[in-house]
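# below is the sequence, then the predicted model.
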Amino acid sequence: MTNWNKLQPRYEKKAYRIVQKHIKLILSRIPVDNTNLNNYEIIIELNIHREDLFKMFLELYNTIGIDYGNRVNKDLEKVTKANTLFNDYLLKEILLFLSNEGGVKITSVRDTLIQEVIKSIKDGLGENATVVDLRNALYAIISKSQAFYKYQALRIARTETTSASNFASFKTAEQSDLVLQKQWISVLDNRTRLDHRLEDNQLTDLEQPFIMASGAVLQYPGDTGAPPNEVINCRCTMSFIPKRDAQGNLILKTNM
């Protein structure tokens, strides 16, 4: 069976490297030599593109989501290897999701990145700053992007590890021939928020949402449609339990 406690830290490290790679590339494309004290804010905003962040999220979901989706598929269907058609299905679902519901998180990350760059420059410029001071400050951010954006990159990596893996596993479960229930599984340590501890082992039919202590509804841990406080830094996962009839036989969708 898939061991989430072992996989989550590995996925998070992969996600962090992906985020750092893309942020470094995005910042390196800011035309520093075209900036001055009057236009640098608009130059920064115009050169941090939503499309580049879309590519970052796409790599995150393809790397983590498809791998985890295949693991869940093997658990449910007992297949011996990844199925090409199944992977194509997940790829299409990921693209559709990021183009629609995922747009909110992409926009949020873009806005935050712009604000962080501008704030960092403003904080570093003195009252009599020159254009040279400005450009040196911007060069410093670009050259030290890993240190500059470390906290935010870690938060994105942790959050999207949960969102990508659970999105993929939910889509995988939807494709199963089995009638399934889903069960919320919390990572029970001192970093887990109280309301997510309370959700541990909550069981519901696959199509029905989890109801949180706060009243929020989530189809899966990390659900983008939930309030940010239910999603950011969440490390929870879920398992799937096949339903059985009165005789103990597995219930198939085709028999309903």
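Received it, and whenever you're ready, just let me know what you need.

# can you name the next helix or strand after the helix or strand of the chain with the lowest mean pLDDT?
Here the helix or strand of the chain ranked lowest by mean pLDDT, DSSP states H and E is helix 194-198, holding a mean of 69. Downstream of helix 194-198, the next assigned helix or strand under DSSP states H and E is strand 203-205.

# other SSEs contacting that following strand?
Contacts defined by 3 or more CB pairs under 8 Å, 6 or more residues apart in numbering; DSSP states H and E place strand 203-205 against strand 180-185. (Glycine included, C-beta is placed from N, CA and C.)

# elements contacting the strand it packs on?
helix 150-175, strand 203-205, strand 237-242.

# parallel or antiparallel, list what pairs with the last one.
Neighbouring strands of strand 237-242 in its sheet, by DSSP bridges, are strand 180-185 (antiparallel).

# pull the CA atoms of the partner strand into CSV?
This file holds the C-alpha atoms of strand 180-185, laid out as CSV (Å, rounded to 0.1, in the frame of the first residue of the first chain):
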residue,chain,number,x,y,z
LEU,A,180,-15.6,3.9,-3.0
GLN,A,181,-15.6,5.8,0.2
LYS,A,182,-12.8,8.2,1.1
GLN,A,183,-11.3,8.7,4.5
TRP,A,184,-9.4,11.8,5.7
ILE,A,185,-6.0,11.0,7.1
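
# who's in contact with that strand?
Strand 180-185 has contacts (CB atoms under 8 Å, 6 or more residues apart in numbering) with 4, 76, 170, 173, 199-206, 210, 220-221, 236-243.

# report the mean per-residue pLDDT for it.
Averaging the model's pLDDT scores along strand 180-185 yields 95.

# quick one: that strand to chain centroid distance?
When distances are taken as CA atoms, centre = their mean, to the nearest Å, strand 180-185 is centred 20 Å away from the chain's centroid.

# ok, now stretch 51-58?
With CA atoms, centre = their mean, you get 12 Å for stretch 51-58.

# show me what contacts residue 113?
Contact partners of residue 113, counting by CB under 8 Å, 6+ apart, are 23, 26, 48, 53, 149, 152.

# give me the phi and psi for it.
Backbone torsions for residue 113, taken as degrees, to the nearest 10, come to phi -60, psi -40.

# can you start the count at 50 instead of 1 from here on
Okay, residue one is now 50; in that scheme the one you just asked about reads as residue 162.
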